[in-house]
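*Asks:* only geometry, no sequence info:
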């Protein structure tokens, strides 16, 4: 099999190329998310599915953008707190304002490891970013549902120093895990590998603010895609932070986490919860 360096120029050890089959006829959540954000790395099947989701809930586009803005604010916060290592799992198709771009604006030597299980995402990422120069940034192909394999990957261990604090970034990815995937246990296992002072940056979709009819329509759209969408209530999202010290303002909807501008009316009913928390220092 052909081999090349990681998806960003000059990073990491050689690894196998992902499959070139982009499954253009099947809606893909990462490409749908790219469409919500106004990107161009999507196909007709993705756009059609995304438009059905938007028809069910017209706030889908603004919600995706609010989530993206949260990611950027939270990563900047972490970097300004002195965190210079980031493990971003479920990165999706790269677009402006990725984790490495924000972190390295604050600390040019910040080290970022992206993890995604989907060769579609990796193929897009390599095509989009091959010609960009970046700081110490790498990517792994691995599955969030197998945290032990992620944590044992020698390329990750070579890239990040787990004897120092790491920011674990799980933004808009856990709602693609079903309950039987045990998402809370997955997060707990990942956190167990991090030293005190590390941060968890997390966002998660919810159906708390829509009717059952709207919820079912959106679920139906994603059931025909390559991954389901499992919105969880605030109490279930808050459980991901058990045992951690929450950073103010706690678990809130994405526009309300340390906004840089006055949030729009209805910001407290945007359909993604988020939070940032620190692993306690004993």
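*Replies:* Received it, and whenever you're ready, just let me know what you need. From a predicted model like this one, the values you see are computed outputs, not experimental measurements. Residues are numbered from 1 along each chain as shown.

*Asks:* Any stretches of this protein with poor pLDDT?
*Replies:* Low-confidence segments of the chain (pLDDT under 70): 1-22, 95-96, 124-135.

*Asks:* Identify each of the helices in it and give its residue range.
*Replies:* Listed in chain order, the helices of the chain (DSSP state H) span residues 29-36, 44-56, 60-80, 99-106, 119-129, 147-152, 154-159, 183-192, 212-223, 234-239.

*Asks:* Any chance of CSV for these, columns distance to residue 256 and mean neighbour count?
*Replies:* Where you see a C-beta, it was placed from the backbone N, CA and C, and this is true even at glycine. What follows is the helices of the chain, written out as CSV (distance: least, C-beta to C-beta, whole Å; neighbours: other C-beta atoms under 10 Å):
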stretch, distance to residue 256, mean neighbour count
helix 29-36, 20, 25
helix 44-56, 23, 18
helix 60-80, 9, 21
helix 99-106, 19, 22
helix 119-129, 29, 20
helix 147-152, 29, 16
helix 154-159, 33, 15
helix 183-192, 22, 18
helix 212-223, 22, 15
helix 234-239, 13, 16
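
*Asks:* Can you check which of those gets nearest to residue 249?
*Replies:* helix 60-80 (12.0 Å; C-beta to C-beta).

*Asks:* Centroid-nearest residue for this structure?
*Replies:* With distances taken as C-alpha atoms, centre = their mean, the chain has residue 171 as the residue nearest its mean C-alpha position (3.3 Å).

*Asks:* sorry, back to before: need the helices of the chain in a markdown table with distance to residue 247, can you?
*Replies:* Below are the helices of the chain laid out as a markdown table (distance: least, C-beta to C-beta, whole Å):
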| stretch | distance to residue 247 |
| --- | --- |
| helix 29-36 | 25 |
| helix 44-56 | 31 |
| helix 60-80 | 8 |
| helix 99-106 | 17 |
| helix 119-129 | 29 |
| helix 147-152 | 23 |
| helix 154-159 | 25 |
| helix 183-192 | 15 |
| helix 212-223 | 29 |
| helix 234-239 | 14 |
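
*Asks:* Can you say which of those helices is nearest to residue 253?
*Replies:* Of all the helices of the chain, the one in closest proximity to residue 253, counting by C-beta to C-beta, is helix 60-80 (7.9 Å).

*Asks:* and the angle for the closest one with helix 212-223?
*Replies:* Note on geometry: by axes from the mean of the first three to the mean of the last three C-alpha atoms, to 10 degrees, helix 60-80 and helix 212-223 are set 70 degrees apart in direction.

*Asks:* and helix 60-80, what other elements does it pack with?
*Replies:* Using 3 or more C-beta pairs under 8 Å, 6 or more residues apart in numbering; DSSP states H and E as the contact definition, the elements that helix 60-80 packs against are helix 29-36, helix 44-56, helix 99-106, strand 167-171, strand 199-205, strand 272-278.

*Asks:* Select, out of those, the one closest to residue 226.
*Replies:* The minimum distance between residue 226 and the helices and strands packed on helix 60-80 falls on helix 29-36, with 6.8 Å, by C-beta to C-beta.

*Asks:* gap between the two ends of stretch 227-234?
*Replies:* End-to-end span of stretch 227-234 (C-alpha to C-alpha, to the nearest Å): 22 Å.

*Asks:* And for stretch 251-263?
*Replies:* With C-alpha to C-alpha as the measure, stretch 251-263 spans 16 Å from end to end.

*Asks:* Likewise for stretch 138-156?
*Replies:* The first residue of stretch 138-156 is 9 Å away from its last residue (C-alpha to C-alpha).

*Asks:* try stretch 195-212
*Replies:* Between the start and the finish of stretch 195-212 there is a gap of 41 Å, counting by C-alpha to C-alpha.

*Asks:* Also stretch 92-99?
*Replies:* Per C-alpha to C-alpha, stretch 92-99 runs 11 Å from first to last residue.

*Asks:* Stretch 237-251 too?
*Replies:* Calculated as C-alpha to C-alpha, the first-to-last residue distance of stretch 237-251 is 8 Å.
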